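Visitor: Quick one, what's the 3D model for this:
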Amino acid sequence: MSYTPAEVSFLAEHQEEIASLDLSLTKSSRLKDTEILKEKFGEFGRAVMELVTARSSGKLPSGWLMDADSAQQATPVEVAAYRAAFLAEQGVGSVHDITCSIGTEGYNSPLEYFGSDLDESRVKMARYNLSSAKIFRADALTTTTTAEVLLADPARRAGGRRITRPEDLVPPLSEVVAKHRGKELAIKCAPGLDFSEWSGLVTVASVEGAVKEACLYTPGFGTGRRAVMIRGHKVDVLDDQESNLPEAGDIGSYLIDPDGAIVRAGLVQHYAAREGLHQIDPRIAYLTGERIPEGTSGFPFIEKVPLKRLKSVLKSYDAGSLEILVRGVEVDPDQLRKKMKLKGKKPFAVIITRIGSQGIALLCKPRVSSSEDNYAT
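Guide: Residues are numbered from 1 along each chain as shown. The predicted model follows:
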């Protein structure tokens with residue numbers, strides 16, 4: 001729940017008191033925590049509860065002002081840092097974030113950063129978070145700056161549902177482009193958006209394997225598709241420039257489920273080419289080969305098992321626990337696990353997928369991380 005401007009001012013003025021609070025912040029303690037805050041902060045107790053709860057996610061800098069919605073919607077700081085570095089490498093010196101919310105894109109940015117938002121409370125939070133006066137209230141569809149690049153993040157949900165078509169964004173993608181024609185744009189979108197008609201560069205970013213967003217850049221920044229995979233302090237960038245793409249083939253020593261950013265960007269074959277792998281089926285994203293790429297994980301392959309025989313085969317292997325991956329077949333992992341009724345002692349993994357027209361289970365040893373010991377000989 002958002003704050004009133006008065007609540008934002010109160011939170012900013014009472015940071016030391018709020019930081020010193022010792023609350024449990026569990027489901028069972030929520031009522032007691034709320035009562036403590038109401039007694040201590042009166043009518044602002046609700047706002048303080050919202051703030052400490054939002055901060056507990058650890059997603060954003062600990063001293064920032066935020067509410068639950070803005071914290072959940074905020075771009076991860078790692079992704080914002082990559083974008084700022086990318087723009088700086090392109091020779092950009094200034095950026096205007098026309099849907100700035102609480103200011104994540106401006107955090108430690110090497111660019112001259114301007115921010116604006118229609119929500120007065122979020123503008124106040126962004127000013128506090130970035131200690132900047134270059135943040136103001138404005139509609140995203142008005143021209144309010146001379147910055148070299150405009151950054152936008154149209155609303156990705158409507159009526160409680162995730163938006164999947166560019167024309168359904170709020171404001172619509174076409175309207176953002178039309179209102180700022182002549183400007184270079186970087187437009188953040190949900191990674192599941194259909195961006196097949198976008199003529200400029202599209203990047204899909206993940207953090208620690210979890211896909212976070214797509215970003216559509218106007219053609220001035222190039223064209224094509226790019227996957228940006230951030231793990232710790234390492235950023236791995238994969239583009240679509242490789243032309244010698246491998247065909248699907250037999251299953252090798254390992255099975256690899258590529259990073260979601262690779263899958264969403266449509267670069268599975270390109271990743272396979274770079275890493276000496278190939279697909280097990282041209283329509284399925286699982287890869288196979290004799291090595292596990294650096295910084296990733298995979299599964300040592302054991303055998304193909306018809307779905308009808310999976311339970312008996314798992315029993316013969318004394319399986320007691322099971323990691324289940326599914327792609328290309330309608331199977332609920334939780335229901336499948338219950339159906340297997342595992343009573344053994346050994347851990348395994350199974351990939352339920354489709355090869356050709358046949359649904360199949362690929363039985364594997366437990367997931368392992370890449371290392372020289374995981375190379376087949």
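Visitor: Any regions of the stretch 151-300 of the chain where pLDDT drops low?
Guide: Across the stretch 151-300 of the chain, the ranges flagged by pLDDT under 70 are 157-161.
Visitor: domain assignment for this protein?
Guide: Domains of the chain are assigned by automatic domain parsing as 5-56, 73-235, 254-374.
Visitor: So what does Lys315 look like in phi/psi?
Guide: Here is the backbone geometry of Lys315 (degrees, to the nearest 10): phi -60, psi -40.
Visitor: Please name the nearest non-neighbouring residue to it.
Guide: Using CB to CB, 6 or more residues apart in numbering and skipping residues adjacent in sequence, the residue nearest Lys315 is Gly344, 7.0 Å away. Any C-beta I mention is one placed from the backbone N, CA and C, and that applies to glycine too.
Visitor: Tell me how many other residues crowd the one you found.
Guide: 15 (other CB atoms under 10 Å).
Visitor: From Val331, how far out is it?
Guide: The spacing between Gly344 and Val331, counted by CB to CB, to the nearest Å, is 21 Å.
Visitor: Can you give me the distance of Leu363 to Ser24?
Guide: From Leu363 to Ser24 the distance is 44 Å (CB to CB).
Visitor: Please enumerate the strands of the stretch 151-300 of the chain.
Guide: 157-158, 161-162, 184-189, 201-207, 210-217, 224-231, 234-239, 254-256, 278-279, 287-289, 297-305 (DSSP state E, counting those that start in this stretch).
Visitor: Among these, which comes closest to Phe348?
Guide: With respect to Phe348, and counting by CB to CB, the nearest of the strands of the stretch 151-300 of the chain is strand 297-305 at 7.9 Å.
Visitor: Parallel or antiparallel, list what pairs with the closest one.
Guide: strand 254-256 (antiparallel), strand 358-364 (antiparallel), strand 368-369 (antiparallel) (DSSP bridges).
Visitor: Tell me which of the strands of the stretch 151-300 of the chain lies nearest to Asp168.
Guide: Taking CB to CB, strand 157-158 is the member of the strands of the stretch 151-300 of the chain nearest to Asp168, at 6.7 Å.
Visitor: what's near enough to touch Leu25?
Guide: Asp33, Val52, Thr53, Ser56 (CB atoms under 8 Å, 6 or more residues apart in numbering).
Visitor: try 6 Å
Guide: Neighbour list for Leu25: Ser56 [criterion: CB atoms under 6 Å, 6 or more residues apart in numbering].
Visitor: What pLDDT does the model give it?
Guide: Confidence at Leu25, expressed as pLDDT, is 79.
Visitor: Same question for Lys134.
Guide: Here, the pLDDT recorded for Lys134 equals 96.
Visitor: Now for the nearest residue to it once chain neighbours are set aside, how many residues are close by?
Guide: Spatial nearest neighbour of Lys134, chain neighbours left out: Phe114 (4.8 Å); criterion: CB to CB, 6+ apart. Per other CB under 10 Å, the neighbour tally for Phe114 reads 23.
Visitor: what does Thr53 give?
Guide: 17.
Visitor: ok now the helix or strand encompassing it, how far from the chain's centre?
Guide: Using DSSP states H and E, Thr53 falls within helix 45-55. With CA atoms, centre = their mean, to the nearest Å as the basis, helix 45-55 stands 24 Å off its chain's centre.
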